[in-house]
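Asks: Okay, predicted coordinates and the sequence, questions at the end:
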Amino acid sequence: MRIVIAGAGAMGSRFGVMLHHAGNDVVLIDKWREHVEAIKKNGLSANINGQRSTTRMPIFYPDEIASNSTPADLIIVFTKAMQLEDMLQSIKPLLGSETMVLCLLNGLGHEDTLARYVPKKNIVLGITMWTAGLEGPGKVKLFGTGEVELQNIDAEGEKHAKKIVAELRNAGLNGVYSSNVKYSVWRKACVNGTLNSTCTILNANISELGATTEAIPILKAIISEFAAVAAKEHVILDQKEILQHVVETFDPNGIGLHYPSMHQDLIKNNRLTEIDYINGAVARKGAAYGVPTPYCALLTELIHAKEQILKAK
Ligand SMILES: NC(=O)C1=CN([C@@H]2O[C@H](COP(=O)(O)OP(=O)(O)OC[C@H]3O[C@@H](n4cnc5c(N)ncnc54)[C@H](OP(=O)(O)O)[C@@H]3O)[C@@H](O)[C@H]2O)C=CC1
Ligand SMILES: CC(C)(CO)C(=O)C(=O)O
């Protein structure tokens with residue numbers, strides 16, 4: 001399969017490396033200059049569960065995409081939520097009538113952005129519990145395990161979405177076809193809504209947060225706000241099962257030692273965060289539906305305040 005990874009940061013690098021090793025023709029697109037130059041010169045260096053290896057894959061800046069490029073079979077977008085629109089604009093030459101676009105970004109509402117650039121029959125939406133971190137330009141750290149749940153958003157796309165699941169399984173990425181991706185997205189948003197902003201404010205990894213006596217009451221309160229807002233959109237969340245799913249992430253032998261991507265963005269890299277697409281989205285929707293969301297609203301304000309204190313860009 002000719003696969004383009006649009007946004008080859010931490011997660012794009014993970015998916016790029018694993019899909020390349022499974023025999024796909026993988027091309028990376030990114031705009032972080034030092035990272036792109038390092039990969040062009042030395043390949044992508046990955047520390048995979050303690051074993052270092054180098055993978056050579058073509059990488060381009062968005063402005064290097066020629067207007068007469070051959071369309072990709074599959075484009076996996078892996079920017080931050082607030083960068084998605086710009087990326088979709090840049091990759092227009094790679095979008096053919098048969099090009100499927102898979103979006104696994106954290107947060108809510110990406111299908112609306114995608115639908116402005118991609119026909120609905122070609123959009124595949126999903127979530128992932130894989131993790132990844134950048135060690136520096138051209139260097140990624142890929143620890144632990146994970147899976148991908150995905151589904152076409154239009155009935156016409158089902159055959160293609162199932163083919164993507166097979167391709168992800170072949171690459172060891174543990175693809176699963178979701179029968180209700182809207183539910184999967186809200187369930188994953190609960191994971192990010194409980195872990196990402198809290199670990200960022202507390203400067204803690206997931207296990208450290210989980211070991212505090214405050215963790216469970218805070219998690220329960222946040223999940224109940226997500227559930228009340230999701231119900232207004234006809235998605236009925238199983239709060240007990242979701243709490244259990246989040247508690248499982250505390251395990252240090254799983255992803256417990258991971259610092260959520262929001263922590264990597266703000267504390268490690270001084271970057272703006274995706275808070276407006278996670279707790280911020282729930283607070284906004286809550287206000288519109290008349291549903292109180294005090295935890296989500298406060299967490300959003302605290303993260304924005306921290307972005308300002310740290311002068312994040
Ligand atoms: N990291 C993790 O463990 C996990 C992350 N996620 C989600 O996956 C998504 C990606 O996260 P992550 O990989 O951590 O993010 P990164 O910041 O590591 O990677 C995003 C990359 O895309 C590049 N980029 C953004 N916009 C453009 C553009 N218009 N043109 C070209 N390149 C662009 C960025 O460049 P630049 O740096 O110059 O902006 C950056 O290198 C997010 O939604 C995140 O929440 C989900 C599960 C786990
Ligand atoms: C790994 C996980 C689930 C942690 O919240 C994540 O999605 C992230 O880091 O953004």
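Replies: Right, received. Where do you want to start? Ligands and ions are numbered 1, 2, ... in the order given.
Asks: give me every residue that touches the closest residue to residue 202 other than its chain neighbours.
Replies: Excluding the flanking residues, the one nearest residue 202 by CB to CB, 6 or more residues apart in numbering is residue 209, at 6.2 Å. For the C-beta atoms, the positions are set from N, CA and C on the backbone; glycine is no exception. By CB atoms under 8 Å, 6 or more residues apart in numbering, the contact list for residue 209 reads 195, 198-199, 202, 215, 250.
Asks: same deal with residue 87?
Replies: Contacts of residue 87 (CB under 8 Å, 6+ apart): 6-7, 29, 62, 77, 79.
Asks: Using CSV, lay out those residues together with secondary structure.
Replies: What follows is these, written out as CSV (DSSP: H, G, I helix; E, B strand; the rest coil):
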residue, secondary structure
6, strand
7, coil
29, strand
62, helix
77, strand
79, coil
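Asks: Return a ChimeraX selection command for the buried portion of those residues.
Replies: A single ChimeraX command is used to select the members of the contacts of residue 87 judged buried by 16 or more other CB atoms under 10 Å:
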select :6,7,29,77,79
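Asks: Quick check: the farthest pair among the contacts of residue 87?
Replies: The most widely separated members of the contacts of residue 87, counting by CB to CB, are 62 and 77 (12.3 Å).
Asks: can you give me phi and psi for residue 9?
Replies: Here is the backbone geometry of residue 9 (degrees, to the nearest 10): phi -80, psi -140.
Asks: Let me fix that, I meant to ask about residue 119.
Replies: Dihedral angles (degrees, to the nearest 10) for residue 119: phi -60, psi 140.
Asks: burial count for it?
Replies: 15 (other CB atoms under 10 Å).
Asks: interface residues of the protein facing ligand 1?
Replies: Proximity of the chain to ligand 1, by CB under 6 Å from any ligand atom, involves residues 7, 9-12, 29-32, 35, 62, 78-81, 83, 86-87, 90, 105-106, 128, 131-132, 134, 261, 274.
Asks: ChimeraX command for the buried members of these?
Replies: In ChimeraX, a selection of the buried entries from these looks like this (16+ other CB under 10 Å):
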select :7,9,10,11,12,29,30,31,32,35,78,79,80,81,83,87,90,105,106,128,131,132,134,261,274
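Asks: what residue ranges in the stretch 51-200 of the chain score low on pLDDT?
Replies: Applying pLDDT under 70 to the stretch 51-200 of the chain flags no residue at all.
Asks: ok, which stretches of it are helices?
Replies: 84-90, 110-115, 158-170, 181-202 (DSSP state H, counting those that start in this stretch).
Asks: what does the stretch 51-200 of the chain have sitting close to ligand 2?
Replies: 106, 129, 131, 191-192, 195-196.
Asks: switch to 8 Å and redo it
Replies: Counting by CB under 8 Å from any ligand atom, the positions of the stretch 51-200 of the chain adjacent to ligand 2 are 106, 128-131, 146, 188, 191-192, 195-196, 199.
Asks: Fine by me, we can end here.
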